[in-house]
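Participant: Sequence and predicted structure are below.
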Amino acid sequence: MGRSISICPQIDAKVLTPVPGVALDMLILVAIQALAVIVLAKFLHLFLRRYNQPSAVSQILAGVAVGGMGLRKAIVHVDVDNVEDMYGNYVACARMIYMFLAGLDLDLAALQHAMRRCVALTYATVAASILVAAVVSSGMYGSMMHSPVKTPELLAATLMLALTNTSSITVTRVVSEMNLTATENGRLVVAAAMATNLICIFGDGVLSSTTEAKEKTQDLYRGSPQVAKGFLTIAIVGVAVWLVRPVVTRINQRNVGQHHVRTWDLALMLLALWLVSNVPQFFGFDGMPTSLALGLAFPREGPAARSVTDALAPSVNGVVLPFYFATLGLRLDYNSMSGAIIVPGILLTLLGMAGKAMGAAAASKYLNIPVPDALRFSVLLNVKGHVDTMNMKFAKSEGVWAEQALYAMIIGNLISTIIAGPVAAAVLRREKEAYATRHQAVESLGEEEELRVLACAHSPHAAPGILSLVELLVSEPQEQPAVHVVHFFEVPRDRSARSPSFHQRGRDDDGKAVPDAVTQMNTVVDVFTRATGVCFRQIDVVSLGSARDAKVACRSAGQTHACLLLLPCYKEQRYDGKMACRLDERRQLNHHVLEGAPCTVGLLVDRPYRGTGVSFQVPSSVAPETGKTVLHPCSDRAVTHVIAAVFLGGPDDREAVSLASRLAEHPAIGLTVFRFVKRSTYDTVTSSTSRAAAAASGELPESSRHDQGAVDERFLWRFYENYAAREMAMYVEKVVESPADVVETLEGMAGMFSLVVVGRGGRQPAELMAGLERWADAGGELGPVAEILASNESMEMGSVLVMQQHTVAVAAPGCQ
């Protein structure tokens, strides 16, 4: 091997580091490369992020650039083979660490909701890739392999793994960084990538074990120590994964009320996770599935998950992953590059894309997605990363192909990963356009569509009402996507009083230690997560004024693709039962959010000191234990909450009834819908249901089918058929003559309902709004009906939820 002149002649080649088998020169090389890669990738990403390119592309390009500097030859004592081994060990460790965090961050409920679609896409792409590999394997003998192959079957099996495999770490990183995990399609791609990677890891393990067994003995199960090691690994890992939840739950109980666990507890958890993840590596298998399983089994609630995430995430995102992606370019040997290597690399990429595209296109009809979108997903599922190069030792040792195939594989992996950047940007652009142009309202959701909710809270005292409402909206917690909770908290205005961490305990007037606002919110969220089964994800944001907070709330709703944004109302109940606006900033925040929200908005006027009935301060699963239950309005079954919805007309009131209908699907809810009708316009001969049936069947004149009244009639007819006729809700029409009748009916709801859902108004029938101007002027953010209910100072009045339906902005013709 040729060597250049030493630039560090004073370094002895025999000097070793405390790490066994690792030379000091090699560590110096890796440190220099890591530093150069991280710095260069930062500068490249400043340019590429303008085009929505993921950071992985910048880091790979930085690795290619740094790898061409010839640092290996600049340091004389570095052995190229030892560097390759170090890269391989680093890649294996980085995969284990990141996949644990990916499993911990994975939304299990959303994954279960998409399980059927994930299985279909995975099965189709894997089957198509295997078919392509089987067809082309017979022609691969002389094209890129320069050594004789033992058996054609072994070549076909290895090629199947190479073309089928998907780098789950690369796909997960790209999709999560571009915030595509908030969409159904993004989660589908991540789940399919993980499933495909796991299938190929299992296939590689079986292939290597059976090949070794055949060489040693004909009796597979008695003569192969590798097979015995495989079963032993499965047993050890299975027990460890089963123990994760009870052990971590115990640690959470020891650190209850804390933001983070104790240092010793954190150190023991990290050590245990590392040892268990390395068990497969010790027996000669891939440790990535074990790390993923540990992350999936790790409880999301409690200080343990926060401590592990905060300890690992900064270093993983800042150092481990950048160098992980860069090593793909650092492993290139530019002196060996030739057409005999580049052409097969491109060929492997095209074959992999062909197999994935065939499978995705075949599954697109079943998945109900357009074929162009399916083809984009196939490009993302063709990303290889390091997964193929990690299996090259086995292929080389078995004589499947020569060392030149390693560089061809690296070329193909580079191409597939770099191509995935623009494709991911196209998917992101399409998802943003679809969200912006779609009617993000509860009324528009189909029966099988998921309801994505974003909740906001100013303090731990305002959170229980919002979280209880979210729980009641979820009929099946095991399939509900994670609900993000944006917590706005204030920091001391005195800069000297600020600390780097907002999780320090303060002191009350008596000198006792009390947790800070963030830790108190952590406790509330953890309690509701454990009690309800709904996954709440807390986002802490420093409050910087109503205008900025509103932008954060609206931006968070867009990033999470929320259909419903829940926010506490500025009206708060005092201890004496009176409703008051304590902070004008809260009122301005409500106003700004109502103006700029990209989805439906719900303002909750919570009454935590209500005198009768069950409070919204505890989960519904806990409330029945207090014995406070009432009868359902349509049946004899006991429910925890009896709620009402008020309908006058217009989109906001339709949204209120739609949300109330979703609440009625919860077994703890009984619903009554009140429709107000003006006596002068009320048809005493034809009932409301008959009018609605005529509107639904199209018997109304063509000119009146699309006006607001006809839309309201069709909506109420669907509600009557789906809920009232099935005794899931009660429908009542209230005939009124004057504004006093409206006010009297609304105020009469005190003591009857724990929650009243109303529309904000502004688009309601004028004949019903006449005479309510005083309340309309007083409650500009709420509307007259909500203002009447929210201003009622009776201790018996329930909470009020004010709904404003999202309106899609449509550009006028000629204004393109």
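Facilitator: Looks like it arrived, so ask away.

Participant: wouldn't Arg173 be in contact with Tyr98 here?
Facilitator: Yes: under the criterion of CB atoms under 8 Å, Arg173 makes contact with Tyr98 at 7.4 Å. The C-beta positions use only the backbone N, C-alpha and C, and glycine is treated the same way.

Participant: what do the two both touch?
Facilitator: Counting by CB atoms under 8 Å, 6 or more residues apart in numbering, the common neighbours of Arg173 and Tyr98 are Leu321.

Participant: looking at this, Gly602 is in a strand?
Facilitator: Yes: according to DSSP: H, G, I helix; E, B strand; the rest coil, Gly602 belongs to a strand.

Participant: That one against Leu567, yeah?
Facilitator: Yes: counting by CB under 8 Å, Gly602 does reach Leu567; the two are 7.1 Å apart.

Participant: and the residue lying closest to Asp265 once chain neighbours are set aside, what is it in contact with?
Facilitator: Ranked by CB to CB, 6 or more residues apart in numbering and with sequence neighbours excluded, the top spatial neighbour of Asp265 is Ile251, at 5.2 Å. By CB under 8 Å, 6+ apart, the residues touching Ile251 are Val261, Asp265, Met269, Gly302, Ala304.

Participant: and Ile251, backbone torsions?
Facilitator: phi -60, psi -40 (degrees, to the nearest 10).

Participant: Also Cys581?
Facilitator: Per degrees, to the nearest 10, the backbone of Cys581 is at phi -100, psi 110.

Participant: And the residue nearest to it when sequence neighbours are not counted, its phi and psi?
Facilitator: Closest residue to Cys581 apart from its sequence neighbours, by CB to CB, 6+ apart: Tyr570 at 5.0 Å. Tyr570 has phi and psi values of phi -70, psi -20 when expressed as degrees, to the nearest 10.

Participant: show me the contacts for Tyr570.
Facilitator: Shown in contact with Tyr570 (CB under 8 Å, 6+ apart): Cys581, Leu583, Arg586, Arg587, Leu589, Asn590, Glu781.

Participant: from those residues, which two are the most distant?
Facilitator: Longest distance between any two of the contacts of Tyr570 is 13.9 Å, between Leu583 and Glu781; criterion CB to CB.

Participant: So if I had to pick from the two, which one is more boxed in?
Facilitator: Taking neighbours as other CB atoms under 10 Å, Leu583 and Glu781 compare with Glu781 leading, 21 against 12.

Participant: Am I right that that one is in contact with Gln588?
Facilitator: No: counting by CB under 8 Å, Gln588 is not a contact partner of Glu781; they are 9.5 Å apart.

Participant: Partner strands of the strand of greatest length in the chain, with direction?
Facilitator: Ranked by number of residues, the top strand in the chain under DSSP state E is strand 669-678. Paired with strand 669-678 in the same sheet, following DSSP bridges, are strand 641-647 (parallel), strand 729-736 (parallel).

Participant: Dump the first one to CSV, restricted to CA.
Facilitator: By that I understand strand 641-647. What follows is the C-alpha trace of strand 641-647 in CSV, where atoms were taken according to Å, rounded to 0.1, in the frame of the first residue of the first chain:
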residue,chain,number,x,y,z
HIS,A,641,-71.7,14.4,31.5
VAL,A,642,-74.9,15.7,29.9
ILE,A,643,-74.1,18.3,27.3
ALA,A,644,-76.1,20.6,25.0
ALA,A,645,-75.5,22.1,21.5
VAL,A,646,-77.3,25.3,20.4
PHE,A,647,-78.2,25.6,16.7
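
Participant: and Lys678, how many residues sit next to it?
Facilitator: Lys678 has 17 nearby residues by other CB under 10 Å.

Participant: Just the buried residues of stretch 358-370, please?
Facilitator: Buried residues in stretch 358-370, defined by neighbour count with 16 or more other CB atoms under 10 Å: Met358, Gly359, Ala360, Ala361, Ala362, Ala363, Ser364, Leu367, Ile369.

Participant: Report how many residues lie close to the nearest residue to Ala354 once chain neighbours are set aside.
Facilitator: Excluding its sequence neighbours, the residue lying closest to Ala354 (CB to CB, 6+ apart) is Val132, at 5.8 Å. Val132 has 23 neighbours, counted by other CB under 10 Å.

Participant: In contact with Val132, which residues are there?
Facilitator: So Val132 contacts Leu163, Leu351, Ala354, Gly355, Met358 (CB under 8 Å, 6+ apart).

Participant: wait, isn't the first one in contact with Leu131?
Facilitator: Translated: Leu163. No: between Leu163 and Leu131 there is no contact under CB under 8 Å: 9.8 Å.

Participant: Next, find the distance separating Val279 from Ser137.
Facilitator: 34 Å (CB to CB, to the nearest Å).

Participant: More neighbours: which of those two?
Facilitator: Using other CB under 10 Å as the criterion, Val279 and Ser137 rank with Ser137 on top: 20 against 16.
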